[in-house]
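>>> next input, structure requested:
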Amino acid sequence: MTSDIFFTNRKEAATTPDISYVVTLYQKLSFLPFLCAGLEAQRGGMRAEFIFIDDGSSDGTPEALRERIASWPEVLIIRQQNTGPAPALNRGLALARGRYIKPMDGDDILLPWASERMLKAMLGTKASAALAQGDEQSTYAPAETRADDIAALPAPDEIAAEAFSLLEKSLRRAQASPSHWMFEATLLPQIRGCDPGVFIQDYSLELEIALASKVAIARGPLLRIPASAPGRLSDNEGQILHDINLALLRFLRRHSELPLRLRRFALQRAVQRAASWAFRRGGANLLHPVSLLRVPAALGLLKPDLAVQKQVCDVFRATHPIRLMPGGDQA
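Sure thing, here's the model as predicted:
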């Protein structure tokens, strides 16, 4: 299967869409009713376009999607060979024409008021990005949820938005998935999408957004996330932590302008993450090579070079199957 347009009714727009929903899909057939119901129910009167990137599904996802949304305005479905979520999302971002970009994972539900409130949070705080955040986020089980009920959900009371620099919190740990973000399209040349050398797309996108802009925190409930999903990447803890460390080291090399304090802090976090995994899953002791990196990391003597990257990533490969990307410096 080659990368190709599977369905489109996009027109050469006389005016720029207000918002581009960019959705990545892989084996999401059973979740399509919920994903589509949430997108279709968005309030606020924004002119939208919908870009779906199917990353090589074999379960009928693109065919069912086309049947379900053929009557929607401004739809583009791309079907491509499986390359992983980061290249898939980048493909969609490159095709987006809207003033605002709203990424979505293919099994999440965007609640009807979410886009409107995230945009309002950005405009009210003069931030270029918004993050749905808080303990109010909820899960759903497809067997216990009716997709037809999503549009009729009553909106909860609104919570005032606030904006701040998220970078240090993001360097400490990943904050969110793509579904939690909305940002101005003007940020795209600066953030350049996801790091294509990292399999899971979440963290590299977050780091670039957090560096590029203050972030408006829009508190929920704004999303519903499936309580479980077969084959979900978040179920492979080793892959997640490997990709967090890989994305972080590559980010530090791309951005040598970061203050030394933040660079030292980020490297300490990567080393601690790797050492903790080696102790818990690999049976390592305090003399393990990655554990010995903690002293130079604390002293600011560690550099985010390929040798250090290999050390803080290989501990995850030693215990779990890890999917690597061409160009990720981990082959």
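
>>> residue 221 versus the spatially closest residue to residue 30 that is not a sequence neighbour, what's the distance?
Excluding the flanking residues, the one nearest residue 30 by C-beta to C-beta, 6 or more residues apart in numbering is residue 142, at 5.9 Å. In short, each C-beta sits where N, CA and C put it, glycine included. Counting by C-beta to C-beta, to the nearest Å, the gap between residue 142 and residue 221 amounts to 18 Å.

>>> residue 85 too?
As judged by C-beta to C-beta, residue 85 and residue 221 stand 24 Å apart.

>>> returning to that earlier point: ok, now which ones touch the residue nearest to residue 30?
By C-beta atoms under 8 Å, 6 or more residues apart in numbering, residue 142 lies in contact with 30-31, 34, 226.

>>> let me see the contact set for residue 282.
Taking C-beta under 8 Å, 6+ apart as the test, what residue 282 contacts is 288, 315, 318-319.

>>> try 6 Å this time
318-319 (C-beta atoms under 6 Å, 6 or more residues apart in numbering).

>>> and stretch 289-303, average pLDDT?
Average pLDDT, stretch 289-303: 96.

>>> for residue 183, what are phi and psi?
Main-chain dihedrals, residue 183, degrees, to the nearest 10: phi -150, psi 160.

>>> just grab the bridge partners of it for me.
Beta-bridge partners for residue 183, by DSSP bridges, are residue 101, residue 129.

>>> my read: it touches residue 129, true?
Yes: using C-beta atoms under 6 Å, residue 183 is in contact with residue 129, at 3.9 Å.

>>> for residue 119, see how far away residue 82 is.
33 Å.

>>> and these two? Which one has more around it.
Ranked by neighbour count (other C-beta atoms under 10 Å), residue 82 and residue 119 place residue 119 first, with 21 against 15.

>>> what about that one, which SS state?
On the three-state scheme (DSSP: H, G, I helix; E, B strand; the rest coil), residue 119 is labelled helix.

>>> list the buried residues of stretch 193-211.
193-211 (16 or more other C-beta atoms under 10 Å).

>>> let me redo that: stretch 308-315
By neighbour count on 16+ other C-beta under 10 Å, the buried set for stretch 308-315 is 308-309, 311-315.

>>> could you do stretch 300-307 as well?
Result for stretch 300-307 [16+ other C-beta under 10 Å]: buried residues 302, 304.

>>> determine the longest helix present in this protein.
helix 260-282 (DSSP state H).

>>> buried ones in that one?
263-275, 277-279, 281.

>>> which member of the contacts of residue 142 is positioned nearest residue 74?
The shortest approach to residue 74 among these belongs to residue 34, at 21.2 Å (C-beta to C-beta).

>>> and that closest one, that's in a strand?
No: under the criterion used here (three-state DSSP), residue 34 is helix, not part of a strand.

>>> pretty sure it contacts residue 146?
No: between residue 34 and residue 146 there is no contact under C-beta under 6 Å: 9.3 Å.

>>> what does residue 86 show for phi and psi?
Torsion angles, degrees, to the nearest 10, at residue 86: phi -70, psi -50.

>>> thank you kindly, that will do.
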